[in-house]
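**Student:** return a 3D structure for these sequence lines:
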Amino acid sequence: MLDPPLQGDYPVYVGRIVAIGMTQAGRLAALYRVSSRSFPNREARCLAQAIAIVPKPGCENDIYKNPYIAYNCLRLTGPYAVASNGSHTDPVAEKLQAGMGMRDALVTVLAAMDYEHDSLNTPRIAAVVQQGSAKGYLGIVRHDALLVQEFALTPGQAFYVATYERHVPCPHYADLRFDAADARAACQYILTGGVFADLERPITAACAVETATGFAVATLDMPSPTPA
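**Tutor:** Just a heads-up that it's a prediction; the model follows:
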């Protein structure tokens, strides 16, 4: 049974978010956002082969408090863009590179790695889109379920799944006015735009948006609060 749309007061805290969508110009996008209460001092950083979520300078010791807070969150491989909230990003990309389909890559990796065995049993979430197609996949493994869903993508639509509350990949959790001129604009959108504006504690984002030759990527961190 699918979760119904959330009712009640906004904003709401849903934790980390992955999304897939198509801009109004018909370009595919894979989006990732960190929302965090416990470890807000993180940033998205472009590496040679991936985009990683890492502690900000001066907060490096946070990884000793929770080893799950640093990871590659976005990878490109062949015609695919993969976004996730943990160390499963790379295995999903490797399965795709080896020729496995999007659905099977998500199912295989999420089942094998399971949810994060931290104090909150944090789910693993992931998103995949394929250049030149009009579909994408969202997946989640929770302590009580493994769910992977295909979505047909049309211009101006984005679908998302989060670690908490909105933790079922389904048509309920969608933005029907999604648009982004480029990857940086997609980052801004998932941090502060559309339905995402109602979701608490945005920290940083990493996104890939389709181009004529592949995917372009970008990151964007929320400004640090000004001390009172």
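
**Student:** low-confidence bits of the chain, can you list those?
**Tutor:** Residues of the chain that meet the criterion pLDDT under 70 lie in 1-10, 225-228.

**Student:** got a list of contacts for the longest helix that it contains?
**Tutor:** Identified as the longest helix of the chain according to DSSP state H is helix 102-113. With Cβ atoms under 8 Å, 6 or more residues apart in numbering as the test, helix 102-113 has contacts from 80, 86-88, 91-92, 95-96, 100, 124, 126, 128, 130, 136-137, 139-141, 146, 148, 150. Just so you know, the C-beta spots here come from the backbone N, C-alpha and C atoms, and that holds for glycine as well.

**Student:** again, only this time at 6 Å
**Tutor:** Applying Cβ atoms under 6 Å, 6 or more residues apart in numbering, the external contacts of helix 102-113 come out as 88, 91-92, 95-96, 124, 126, 128, 137, 139, 141, 146, 148.

**Student:** any chance of JSON lines for those, columns secondary structure?
**Tutor:** As requested, the contacts of helix 102-113 are exported to JSON lines (DSSP: H, G, I helix; E, B strand; the rest coil):
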{"residue": "88", "secondary structure": "coil"}
{"residue": "91", "secondary structure": "helix"}
{"residue": "92", "secondary structure": "helix"}
{"residue": "95", "secondary structure": "helix"}
{"residue": "96", "secondary structure": "helix"}
{"residue": "124", "secondary structure": "strand"}
{"residue": "126", "secondary structure": "strand"}
{"residue": "128", "secondary structure": "strand"}
{"residue": "137", "secondary structure": "strand"}
{"residue": "139", "secondary structure": "strand"}
{"residue": "141", "secondary structure": "strand"}
{"residue": "146", "secondary structure": "strand"}
{"residue": "148", "secondary structure": "strand"}
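
**Student:** of those, closest to residue 181?
**Tutor:** Top of the list for closeness to residue 181, among these and by Cβ to Cβ, is residue 128 at 22.7 Å.

**Student:** I'd guessed the closest one sits against residue 137; true?
**Tutor:** Yes: taking contacts as Cβ atoms under 6 Å, residue 128 lies within contact range of residue 137: 5.0 Å.

**Student:** so these two - more neighbours on which side?
**Tutor:** With neighbours defined as other Cβ atoms under 10 Å, residue 128 and residue 137 compare such that residue 128 has more, 29 against 25.

**Student:** distance check, the nearest residue to the more buried one once chain neighbours are set aside against residue 78.
**Tutor:** Spatially, and ignoring its direct neighbours in sequence, residue 128 is nearest to residue 102 (4.5 Å; Cβ to Cβ, 6 or more residues apart in numbering). When distance is defined by Cβ to Cβ, to the nearest Å, residue 102 is 12 Å away from residue 78.

**Student:** who has more neighbours out of those two?
**Tutor:** More crowded of residue 102 and residue 78, by other Cβ under 10 Å: residue 102, with 24 against 12.

**Student:** quickly note the distance from that one to residue 48.
**Tutor:** Residue 102 is 24 Å from residue 48, by Cβ to Cβ.

**Student:** same question, residue 180
**Tutor:** Look at residue 180 and residue 48: by Cβ to Cβ, they are 25 Å apart.
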